[in-house]
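Undergrad: from the sequence below, what's the structure:
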Amino acid sequence: MVLALAPHDALAALDFQVAMGADEAIAEAPLDRYALSAALAEQKAAAPEARASARPKAAPPPPPPPRADPIGDARALAEAAATLEALHAALETFEHCDLKRGARSLVFCDGRPQARVMIVGEAPGRDEDIQGRPFVGRAGQLLDRMLAAIGLAREAADAESAVYITNILPWRPPQNRDPEPEEIAMLKPFVERHVELVAPDLLVLMGNISCQALLGRRGITRLRGTWTEALGRPAMPMFHPAYLLRNPAAKREAWADLLALKARLGKGAGK
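TA: Next up is the predicted model:
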């Protein structure tokens, strides 16, 4: 059964089609709606890849900075120093130790480099940081009296009676705290080269930090009073003068160690 539209209804339907965009009633070729749907699906699937390829490529990340090697740098600087002056200058250029930024002075040494005895302390204190010399505070004054008791002095004119003094650390730790293991490790190559350049007959290791750095051991109450070897040289661990100021009863053991040092010097030939 075919429904017939009234003329005015057919005209209204035609107007509606024109309003919706229809501009031809019958095309020249049949329209394949299935093919159109497949093409639209392919376009939608390809759209993200097209957008991605149209985006500018991100720049590659910068290469990571070279990894710091404080100990390796310290060893290279120390080995290149042929004189004490060059070693001092190398320490001044060493930038890995943060203690340098908070200290006033680089405390390098005191005494005569020709001395037979080289004393290795721990680290500068407040007075040492101000004056730029090791062992100048109360502990240093006690050290001078201890050395004088066996005929030694840092200012002695002859090498037989002189001493040479340095520390494991050349810069003062904040609030005089103990040095950190990392600080000791990175500065140890400078101490080793320092001893090589001075070439003393004997080493005196004053305090736990010196023993830890050059002997690999702590416990000064057990180590003191017994000759050992450090960096290929005879070494005597002794109480640090600052410890003796806090523990006067230990001065008896310190005196025994000084006598052992005096006896050892009397047996060997001079430099």
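Undergrad: residues contacting residue 115?
TA: 156, 159, 162, 163, 164, 198, 200 (CB atoms under 8 Å, 6 or more residues apart in numbering). Backbone N, C-alpha and C define where each C-beta goes, glycine included.
Undergrad: hang on, the fourth one packs against residue 114?
TA: No: with contact taken as CB atoms under 8 Å, residue 163 and residue 114 are classed as non-touching, separated by 10.7 Å.
Undergrad: any idea which of the contacts of residue 115 is closest to residue 259?
TA: residue 163 (16.0 Å; CB to CB).
Undergrad: rewinding a little: residue 163 and residue 114: which has the busier surroundings?
TA: Set residue 163 next to residue 114 and count neighbours by other CB atoms under 10 Å: residue 163 wins out with 25 against 15.
Undergrad: quick check, that one in a strand?
TA: Yes: checked against DSSP: H, G, I helix; E, B strand; the rest coil, residue 163 lies within a strand.
Undergrad: and the strands in the stretch 151-271 of the chain?
TA: Here the stretch 151-271 of the chain has its strands, by DSSP state E, counting those that start in this stretch, at 163-167, 202-206, 228-230, 233-238.
Undergrad: quick one: end-to-end distance for stretch 242-257.
TA: End-to-end distance for stretch 242-257, by CA to CA, to the nearest Å: 16 Å.
Undergrad: distance of the residue nearest to residue 186 when sequence neighbours are not counted relative to residue 183?
TA: Among residues not flanking residue 186 along the chain, residue 70 sits closest, at 4.1 Å (CB to CB, 6 or more residues apart in numbering). According to CB to CB, to the nearest Å, residue 70 stands 9 Å off from residue 183.
Undergrad: shared neighbours of these two, which are they?
TA: In contact with both residue 70 and residue 183: residue 97, using CB under 8 Å, 6+ apart.
Undergrad: compare these two (neighbour count), which wins?
TA: residue 183 (22 against 17).
Undergrad: surely the more buried one meets residue 94?
TA: No: with contact defined as CB under 8 Å, residue 183 does not count as touching residue 94 (11.7 Å).
Undergrad: who touches stretch 76-87?
TA: 89-91, 93-94, 109, 113, 189-190, 192-194, 197-198.
Undergrad: could you rerun that using 6 Å?
TA: The contact list for stretch 76-87 (CB atoms under 6 Å, 6 or more residues apart in numbering) reads 90, 189, 190, 193, 197.
Undergrad: can you tell me the closest non-neighbouring residue to the third one?
TA: The shortest distance from residue 190 to any non-neighbouring residue, by CB to CB, 6+ apart, is to residue 78 (5.0 Å).
Undergrad: looking at the contacts of stretch 76-87, which is nearest residue 103?
TA: Looking across the contacts of stretch 76-87 and measuring by CB to CB, the closest to residue 103 is residue 190, at 15.0 Å.
Undergrad: find me the pLDDT at that closest one, would you?
TA: Looking at residue 190, its pLDDT reads 98.
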